[in-house]
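Asker: what follows is a predicted structure for the sequence shown.
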Amino acid sequence: MVFFVLLIAIWEAIYRFHFWPGFLFPSPFSVTLALIDGFNDKTFLIAIIASLRRILIGYLIALMLGVMIGLLLGKYKIFDETIGSFIVGLQAIPSIAWLPLALLWFGLNDKAIIFIVFLSAGLIMIISTDAGVKGVPPILLRAAKTMGANDMQIFKDVVLPASIPSIVSGMRLAWAFAWRGLVAGELLASNTGLGQVLMMGRNMGDMRQVISVMIIIAMIGLLTDGLFFKKMERNIRRKWGLESR
């Protein structure tokens, strides 16, 4: 709390020293008023609901397909040397670069934005799952073979459980990348959502609205990370003996 109070104090100091005009760099108080007005007239509430619906759909699809493809890459060398190389190449392409194709394929609608969210999160999930499978300690595999386990038993009872910490870390990272893809898509291809409200503020020259949307996105990120992902990752790491209690 002290840290965030200090950040606000620095923000206020920069505003008072007039490094930029007030309409370009509003004060914390004016941004707070913009936040209150945005929630009172339901502009922000409607945008949050629209954005959360899109990101949840794209993120869940990314989780399911990302984990399945990642497991295939980690288990079978032929998939790793073919699809794996292709995935690495795709990872180098910014997700927003896919937007023109997404608009042509799906039209100017939610499907195009969900596709961008899926790509943003899905590639991270594939790579994280693949790394988790490949990172299983060899001593565990040798021990399972010594006890007579076959390949399917080793994969189900050793490899998959040992990969879970990496998969959970990937889920946390994929959520952050999903937000980046979502906002980028909404900036250009949506008439609702937080990205579109941010663009409206930019077009009207209202930096209070722009900063308000940035704060909302940051707060949603902090809440989901602190209340869900961080706790889940910590519990998994403790259960797997990767972190002291």
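Answerer: Happy to help now that I have it.
Asker: ok, and the closest non-adjacent residue to Ser166?
Answerer: Gly132 (2.9 Å; C-beta to C-beta, 6 or more residues apart in numbering). Using the backbone N, CA and C atoms, a C-beta is placed for each residue, glycine as well.
Asker: quick check: domain ranges of this protein?
Answerer: Using automatic domain parsing, the domains assigned to the chain come out as 1-41, 43-239.
Asker: just to revisit the earlier point, okay, buried residues for the strand or helix carrying the residue nearest to Ser166 please.
Answerer: When secondary structure is defined by DSSP states H and E, Gly132 falls within helix 110-134. Buried residues in helix 110-134, counting neighbours by 16 or more other C-beta atoms under 10 Å, are found at 110-133.
Asker: repeat that for stretch 176-193.
Answerer: 177-190, 192-193.
Asker: pull the residues that contact it.
Answerer: For stretch 176-193, contacts defined as C-beta atoms under 8 Å, 6 or more residues apart in numbering pick out 46-47, 50-51, 54-55, 58-59, 62, 95-96, 99, 102-103, 108, 110, 112-113, 116-117, 119-121, 124, 194-196, 198-199, 217, 220-221, 225.
Asker: same thing but 6 Å
Answerer: The set of residues external to stretch 176-193 that reach it, using C-beta atoms under 6 Å, 6 or more residues apart in numbering, is 47, 50-51, 55, 59, 95-96, 103, 108, 112-113, 116-117, 120-121, 124, 195-196, 199.
Asker: returning to that earlier point: from the buried residues of stretch 176-193, which land in helices?
Answerer: Of the buried residues of stretch 176-193, the ones assigned to helices by DSSP state H are 177-189.
Asker: distance to Asp41 and pLDDT for the residues you listed - can I get that in JSON lines?
Answerer: Below are those laid out as JSON lines (distance: C-beta to C-beta, whole Å; pLDDT from 0 to 100):
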{"residue": "Phe177", "distance to Asp41": "31", "pLDDT": "91"}
{"residue": "Ala178", "distance to Asp41": "28", "pLDDT": "92"}
{"residue": "Trp179", "distance to Asp41": "24", "pLDDT": "91"}
{"residue": "Arg180", "distance to Asp41": "27", "pLDDT": "89"}
{"residue": "Gly181", "distance to Asp41": "28", "pLDDT": "90"}
{"residue": "Leu182", "distance to Asp41": "23", "pLDDT": "91"}
{"residue": "Val183", "distance to Asp41": "21", "pLDDT": "89"}
{"residue": "Ala184", "distance to Asp41": "26", "pLDDT": "86"}
{"residue": "Gly185", "distance to Asp41": "25", "pLDDT": "87"}
{"residue": "Glu186", "distance to Asp41": "19", "pLDDT": "88"}
{"residue": "Leu187", "distance to Asp41": "22", "pLDDT": "84"}
{"residue": "Leu188", "distance to Asp41": "25", "pLDDT": "78"}
{"residue": "Ala189", "distance to Asp41": "24", "pLDDT": "73"}
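Asker: under the pLDDT cut-off, which ranges of the protein? List them.
Answerer: 241-245 (pLDDT under 70).
Asker: tell me where it has helices.
Answerer: Using DSSP H, helices in the chain cover 2-16, 28-40, 43-75, 77-91, 99-106, 110-134, 138-146, 151-154, 160-189, 194-203, 207-224, 230-239.
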